[in-house]
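**Student:** Pasting the sequence and the predicted coordinates here, then a few questions.
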Number of protein chains: 2
Amino acid sequence: MPLRARTLLGPGPSNPYPEATVALGRPLLGHLDPVFLGILDETSDRLRQVFGTANRRTLPLSATGSAGMEAAFVNTVGPGDVVVVAVNGLFGQRMVEVAARCGAEVVAVEHEWGQPVDADRVLAAHPSPKLIAAVHAETSTGVRSDLQPLAAGKGDALLLADCVTSLGGIPVRLDDWGVDLAYSGSQKCLGVAPGLAPFTISDRAWERRIEKPQSWYLDLGLLGGYAGEAAGSGRTYHHTAPTGMVVSLHAGLGRIIEEGLDAVHARHAEAGRLLHEGLAELGLELFAAEGHRLPELTTVKVPDGVDSAAVRKELLERFDVEIGGGVGAYAATVWRIGLMGANATPDKVALVLAALRETLGR
Amino acid sequence: MPLRARTLLGPGPSNPYPEATVALGRPLLGHLDPVFLGILDETSDRLRQVFGTANRRTLPLSATGSAGMEAAFVNTVGPGDVVVVAVNGLFGQRMVEVAARCGAEVVAVEHEWGQPVDADRVLAAHPSPKLIAAVHAETSTGVRSDLQPLAAGKGDALLLADCVTSLGGIPVRLDDWGVDLAYSGSQKCLGVAPGLAPFTISDRAWERRIEKPQSWYLDLGLLGGYAGEAAGSGRTYHHTAPTGMVVSLHAGLGRIIEEGLDAVHARHAEAGRLLHEGLAELGLELFAAEGHRLPELTTVKVPDGVDSAAVRKELLERFDVEIGGGVGAYAATVWRIGLMGANATPDKVALVLAALRETLGR
C-alpha cells in the first residue's frame, strides 16, 4: 500500500524536524553505552535551555507526555495531600483525575473552556495546598494561561505546570517565573515523534517529594541514579531507556537551539498570526479568548450547519492534511489547527487555509 | 563526531531488524489517522501470533518493558491482595517491588540465581493467591523457566508471565500453557528499538481486574477504548500513542512472521548452541543451569583474575561490540551475551567469540 505523507496540523503529533527524523536512522546505541550517556546528558542540558531552568533533575521520561503528568503527581503528592488544580480544559480535568488516583484531596477550580486560568480564584481556593497545578497551554482549547501570577502567590505550595503544548512554541521560563515542576511531550513544538516526556523538578520540590511513589516506573528517586542528576560516574540501571527516541529528541532540541529559541518563538508567533488572519478572512471565528490565543494551536468554531467530521475527513483524504476535532462538549463544534515545530511556517498556513477554503466552499 | 555502529550483544537493546529501522523513516502518522489505526490493529494481530494467544486485549503499551510489568500489577492487584512471586533473578525481585507498591501482600519465593523456577515450591507458597507471577526468561541470569507447570497448578489464581526476553526468541504459547497476563519489550528478540511494551490480558483476568488502577497512564480500561479491544469504530482518545514506534514494531513483527515463527526460534536456538560451544572451546564456563539456558541470552562466568569491566570496555572500544555485565551480586563475575532478533546469526557468534578470544588472550 502506498505510504501517505500527511501534513500533521492537528493538536499533535506534528511532523518532526528533519533533524529528528534523520537521527532515527543512526545506528542504535545501548542504554549504558558511554556514547549514549553523553547524548543523554546533552539532552538534559538542552531541555534545561528550552524549559528555562537550572534544575539539576531535568530529563526525558521514557513514555509520552501524559506519563509526565503522572510522574509529576506520584512523586509529589500522596494520600491526604491537598492539591489545587486549575481546570480550564481537558488536561486540567486529567490532572484532577491523576491527582485523585494518588489519594490526594483535590480542589478543582473550574473555568469556562476557552478562558485562561484566573490566578486569584485558584490561589484563593485553599489556604495551604501542598501543590498547585495548571496547564500553561491547554491543548483542548488553544488557550495560554500565565504562570507568573500563580507562582507569585503560591506561598509555601509547589507549582506544577503542564508545558506539553507550550515548550518549544512559546516562551517557557520556569526559573524566572517560579515554577517547581513541569513536563512536556516530544511530539508537539519540540518537533520529535511521540514517545518521550521531558520533565524537570526543582530542588525545592525534590526535598518534599514522596520517598516511595506508588509508581516504580516513574519513581524519580530511582530514575535519578540513571539520568539527569547523576552526571558522570556511577550510573545505575533502572529500565532500558528508549535510546533511539532520546537520540532523536537530542537532534530536535539541537535544531531548536541552533535556530535560536527567540527565533523559534517568533516563527511560531508569525505563523499563528497569519493563520488567525486567514481564518478571519474566511469568515471563521476563533474559540479561545482573545489575548490568550496560542500561535501553535488555534481553535476555530465550526460554522453552523457544517459537519465537522466530514470536513476533517475531506482534508485528510483529499489534501493529506490532518487537523483535530474538539474534545468533550466541543467535540463537534470546534476544530483544532496546530502549527507546531517544523510546521510553524507560512507554507503550512497557506496550505491549510487553501484546503479549508475549498472544502468549505468559501 | 563520527557515529559508532555498535553490535549490540548485551541483554538488550539489540540491533533492530532492518525492516524496523526502515519503518522509522516512514512519514509520521497521527494517532487517530485511520491509516495508523489500521496499522495498530494489525500490530495487535501480529502480537497475538507471537504471544500464542487469542486474547482480544493485546496491544503495545506506550512505554518500555518495565512499564509492562507495572501495568500488569496495577490492573490486577490492590491493597491486601495476595501475590506469589517466583524470584530467581533481578526481574523477579522487581515484580516483588512493583506488586508491593500496589499494596499487595507479596509472598516472594526465592531461588538461587541461575536456577529455574521450582513450580512446586511456588504453588505451595500460599493456598489462595489472587496472582502468581514468574519470569519466563530471566534477563539477569539467562535462565528459562517453564510456565506450564505453574499454569497447571494455579487453581483459581491468575498467572502472570514476564516475557521480555523470551518473546520472539523462544516459543511462547500463552493460551496452550494457560497464562493469563504477559508483557514484553520491543528491544530484545522482537528486534525493534526500545520504547514499547507488548501486553496481553485474558478475559479471565480482565473480569477480575482493578476497576480504577492507581495508574491513569497504564489503566487498561481506559486504554481499551483506543487500542486492542476496540477494533473498528468508536476510538476514544486516551494519550498520544508513539505512532512512529508502533509502525516500527509492526514492521519488526512482520519480518518475524514472514520468516516464520518456527524458523525464527530455530535460528535463535542454533545461534545460542554455536555460542555455547564456542565459549566452551575458549575454556569459559556458563552460569545458567544446564537444560534451562536461553539461546538468546547467555550468561558466562568471568574467569578468575579477569577484570570484567575492562574486558567489556575493550570489546566496545576496539570491536564496537557491546556485551553486558552481570547484575546484583554477580555484577563483576558474570557477563551476559545476547543474540537477539536480527543478531541471532552465525556471524555475530563468530564476531563475539573472536573478539573475546583476542581480548582474553586465549
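**Tutor:** Noted; the coordinates are in hand. Residues are numbered from 1 along each chain as shown, chains lettered A, B, ... in the order given.
**Student:** okay, now the domains of chain A?
**Tutor:** A:7-13+A:260-360, A:18-258 (automatic domain parsing).
**Student:** Indicate which one of the ones you listed is closest to residue B:55.
**Tutor:** Of all these, the one in closest proximity to residue B:55, counting by C-beta to C-beta, is domain A:18-258 (22.5 Å). Every C-beta, even on glycine, is put in place using the N, C-alpha and C of the backbone.
**Student:** Which parts of the stretch 201-350 of chain A are helices?
**Tutor:** Chain-ordered helices for the stretch 201-350 of chain A, with DSSP state H, counting those that start in this stretch as the definition, fall at A:203-207, A:220-223, A:243-259, A:261-281, A:308-319, A:346-360.
**Student:** Over to the stretch 51-200 of chain A?
**Tutor:** Remark: helices assigned in the stretch 51-200 of chain A by DSSP H, counting those that start in this stretch are A:65-74, A:90-101, A:119-124, A:148-152, A:174-177.
**Student:** can you give me how far the shortest one is from the chain middle?
**Tutor:** Its chain's average C-alpha position is 17 Å from that of helix A:174-177, according to C-alpha atoms, centre = their mean, to the nearest Å.
**Student:** by contact count, what packs against that helix?
**Tutor:** Packed against helix A:174-177 by the contact rule (3 or more C-beta pairs under 8 Å, 6 or more residues apart in numbering or on different chains; DSSP states H and E) you find no helix or strand.
**Student:** can you pull the buried residues of it?
**Tutor:** For helix A:174-177, the neighbour count (16 or more other C-beta atoms under 10 Å in any protein chain shown) marks A:174, A:177 as buried.
**Student:** which bits of the stretch 151-300 of chain A sit near chain B?
**Tutor:** Applying C-beta under 8 Å from any C-beta of the partner chain, one finds that the stretch 151-300 of chain A approaches chain B through A:185, A:187, A:193-195, A:212-217, A:237-245.
**Student:** So how do I select the buried members of those in ChimeraX?
**Tutor:** Buried residues within those, by 16+ other C-beta under 10 Å, are selected in ChimeraX with:
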select /A:185,187,193,194,195,213,214,215,216,217,237,238,239,240,241,242,243,244,245
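**Student:** tell me which parts of the stretch 1-150 of chain A are close to chain B?
**Tutor:** Residues of the stretch 1-150 of chain A found near chain B, taking C-beta under 8 Å from any C-beta as the criterion, are A:3-6, A:8, A:10, A:12-13, A:15-16, A:21, A:24-33, A:35, A:62-67, A:70, A:94, A:97-98, A:101-102.
**Student:** Quick check on these: which are buried?
**Tutor:** Those of the residues of the stretch 1-150 of chain A next to chain B that meet the buried threshold are A:6, A:8, A:10, A:12-13, A:15-16, A:21, A:24, A:26-33, A:62-67, A:70, A:94, A:97-98, A:101-102, by 16+ other C-beta under 10 Å.
**Student:** Would you mind writing the CA trace of the helix or strand bottoming out on mean pLDDT in chain A as CSV?
**Tutor:** Per-element confidence for chain A was summarised using mean pLDDT, DSSP states H and E. The lowest value among helices and strands belongs to helix A:220-223, with a mean of 94. The C-alpha trace of helix A:220-223 is given here as CSV (Å, rounded to 0.1, in the frame of the first residue of the first chain):
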residue,chain,number,x,y,z
LEU,A,220,12.2,9.9,40.1
GLY,A,221,14.4,8.7,43.0
LEU,A,222,15.3,5.6,41.1
LEU,A,223,15.5,7.4,37.8
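**Student:** What residues of it count as buried?
**Tutor:** If you call a residue buried by 16+ other C-beta under 10 Å, then helix A:220-223 has these buried ones: A:220, A:222-223.
**Student:** In strands only, show me the buried ones among the residues of the stretch 1-150 of chain A next to chain B.
**Tutor:** Secondary structure assignment by DSSP state E places residue A:8 of those in strands.
**Student:** Neighbours of residue A:42, how many?
**Tutor:** The criterion is other C-beta atoms under 10 Å in any protein chain shown. On that basis, residue A:42 has 13 neighbouring residues.
**Student:** hang on, it packs against residue A:247?
**Tutor:** No: in this structure, residue A:42 sits apart from residue A:247 without contact. The criterion is C-beta atoms under 8 Å, and the distance is 10.3 Å.
**Student:** tell me the angle the helix or strand hosting residue A:41 makes with helix A:243-259.
**Tutor:** Using DSSP states H and E, the secondary-structure element containing residue A:41 is helix A:34-51. Interaxial angle, helix A:34-51 versus helix A:243-259 (axes from the mean of the first three to the mean of the last three C-alpha atoms, to 10 degrees): 50 degrees.
**Student:** With just CA atoms, put helix A:34-51 into CSV.
**Tutor:** Output for helix A:34-51, consisting of C-alpha atoms alone and laid out as CSV, is shown next (Å, rounded to 0.1, in the frame of the first residue of the first chain):
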residue,chain,number,x,y,z
PRO,A,34,29.2,5.9,27.2
VAL,A,35,28.4,7.5,23.8
PHE,A,36,24.7,7.3,24.6
LEU,A,37,25.1,8.6,28.1
GLY,A,38,26.9,11.6,26.7
ILE,A,39,24.0,12.2,24.4
LEU,A,40,21.5,11.8,27.2
ASP,A,41,23.4,14.3,29.3
GLU,A,42,23.4,16.8,26.5
THR,A,43,19.7,16.2,26.0
SER,A,44,19.2,17.2,29.6
ASP,A,45,21.3,20.3,29.1
ARG,A,46,19.2,21.2,26.0
LEU,A,47,16.0,20.6,27.9
ARG,A,48,17.2,23.0,30.6
GLN,A,49,17.6,25.6,27.9
VAL,A,50,14.1,25.3,26.5
PHE,A,51,12.5,24.9,29.9
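**Student:** what's the angle between it and helix B:308-319?
**Tutor:** Angle between the axes of helix A:34-51 and helix B:308-319 is 90 degrees (criterion: the same axes, to 10 degrees).
**Student:** and the angle for helix A:34-51 with helix A:261-281?
**Tutor:** Inter-element angle recorded for helix A:34-51 and helix A:261-281: 60 degrees (by the same axes, to 10 degrees).
**Student:** Quick one: mean pLDDT for helix A:34-51?
**Tutor:** In this model, helix A:34-51 has an average pLDDT of 97.
**Student:** Counting by contacts, list what it packs against.
**Tutor:** Checking 3+ C-beta pairs under 8 Å, 6+ apart, helix A:34-51 ends up next to strand A:57-61, strand A:197-201, helix A:243-259.
**Student:** With that, I have no additional questions.
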